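K.L.:
Here is the input, now give the coordinates:
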Amino acid sequence: MKNLDPNTVIKVAIADDHALFRAGVKTSLSARKDIQMVAEAENGMQLLNLLKHIQPDVILLDIQMPIMDGLTTLPEIKRLYPNIKVIMLSMHNDHSMISRMMEIGANSYLTKESDSETIYQAIKTCYQQEFFFNDLTNKALLSGLRTKRTVDSNAAHDVQLTEKEIIILKLMCEEKSTKEIADIVDLSPRTVEAIRDKLKTKTGTKSMAGLVMFAVKAGIVEQPH
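P.N.:
Reported below is the predicted structural model:
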């Protein structure tokens, strides 16, 4: 988790083919002193060209765009710029789509009806803590789990985790920040991050969302209702 200096300005880019929507988001965020809009694009290809010159901290990425959509663009951003956080935007609330997004690296998912406060909170939370979970992402991940659980819960039980790894995984599932976890288990934040990376390797997951899904499948944490 980044320690947020009060003077930190989070650089944000938006890719959406609706000029009015882009303008609305830009206007609502321009009132925030800690957000700076640095780029806007009409499609994924234009965005990837912009990223060669401008590196935002967070990208708001529409799923449905002409020429190159968000689904195709997301893996490319993650491959070329793994540190950029990506918040997916869509008109639709489709669980399987959201699960797929989170599994291929999205840091959050918002519907386009989200108010400016929600968009602002998502940007700040992704920047500081890597993920912004909301009812949409949680329900999607859980519905994904219910269908997958029977298939690969056996595989989940085959992964051997140490006691410390299990404690840290549980705390991560409670959405504790790296610093909070470090304080609880009496380790340095850097060590906690190293254990988090090791957990991803051991469990074969690529993201925090994947780790949460693994923890539920393996019975390490209770499945929320």
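
K.L.:
So the protein: which segments form each domain?
P.N.:
Following automatic domain parsing, the chain resolves into domains at 10-138, 159-217.

K.L.:
following the least confident helix or strand in the chain by mean pLDDT, which helix or strand shows up next?
P.N.:
Least confident helix or strand of the chain, by mean pLDDT, DSSP states H and E, is helix 135-158 with a mean of 57. Going down the chain from helix 135-158, the next helix or strand is helix 163-173, by DSSP states H and E.

K.L.:
tell me the mean pLDDT over that following helix?
P.N.:
In this model, helix 163-173 has a mean pLDDT of 86.

K.L.:
ok so, going back, which one of the domains of the chain has the poorest average confidence?
P.N.:
Taking the mean pLDDT of these, domain 159-217 comes last: a mean of 84.

K.L.:
Endpoint to endpoint, that one covers what distance?
P.N.:
Start to finish, the residues bounding domain 159-217 are 11 Å apart (CA to CA, to the nearest Å).

K.L.:
Would you pull up how far that domain lies from the middle of the chain?
P.N.:
16 Å (CA atoms, centre = their mean, to the nearest Å).

K.L.:
dump the residue contacts of the residue positioned nearest the centre of the chain.
P.N.:
Taking CA atoms, centre = their mean as the criterion, N107 is the residue nearest the geometric centre of the chain, at 1.1 Å. Taking CB atoms under 8 Å, 6 or more residues apart in numbering, we find N107 in contact with V58, K85, V86, I87, C126, E130, F131, F132. Quick note: C-beta positions are derived from backbone N, CA and C, even for glycine.

K.L.:
Now, these that are in strands?
P.N.:
Cross-referencing these against strands under DSSP state E gives V58, K85, V86, I87.

K.L.:
Show me which of the residues you listed is closest to R190.
P.N.:
K85 (20.2 Å; CB to CB).

K.L.:
and that closest one, how many residues sit next to it?
P.N.:
K85 sits with 26 neighbouring residues when counted by other CB atoms under 10 Å.

K.L.:
can you pull out the strands in this protein?
P.N.:
Under DSSP E, the chain gives strands at 10-15, 35-41, 58-62, 85-90, 108-111.

K.L.:
So which of those strands is nearest L199?
P.N.:
Here strand 85-90 is closest among the strands of the chain (CB to CB), at 19.9 Å.

K.L.:
quick one: K124 from E113, how far?
P.N.:
For K124, the distance to E113 equals 20 Å [CB to CB, to the nearest Å].

K.L.:
can you tell me which residues contact the nearest residue to L89 once chain neighbours are set aside?
P.N.:
Counting by CB to CB, 6 or more residues apart in numbering, L89 lies nearest to D62, which is 4.9 Å off, once chain neighbours are set aside. By CB under 8 Å, 6+ apart, the residues touching D62 are A15, D16, D17, H18, F21, D69, G70, M88, L89, S90, K112.

K.L.:
Just give the number of residues close to the nearest residue to the third one once chain neighbours are set aside.
P.N.:
If you skip the residues right next to it in sequence, D17 has M65 as its closest partner in space, 4.6 Å away by CB to CB, 6+ apart. A count of nearby residues for M65, using other CB under 10 Å, gives 23.

K.L.:
and M65, backbone torsions?
P.N.:
phi -140, psi 150 (degrees, to the nearest 10).

K.L.:
show me what contacts it?
P.N.:
Counted by CB under 8 Å, 6+ apart, M65 has contacts A15, D16, D17, E42, N43, G44.

K.L.:
pretty sure the first one is touching N49, no?
P.N.:
No - no contact is recorded between A15 and N49 when judged using CB atoms under 8 Å, the distance being 11.1 Å.
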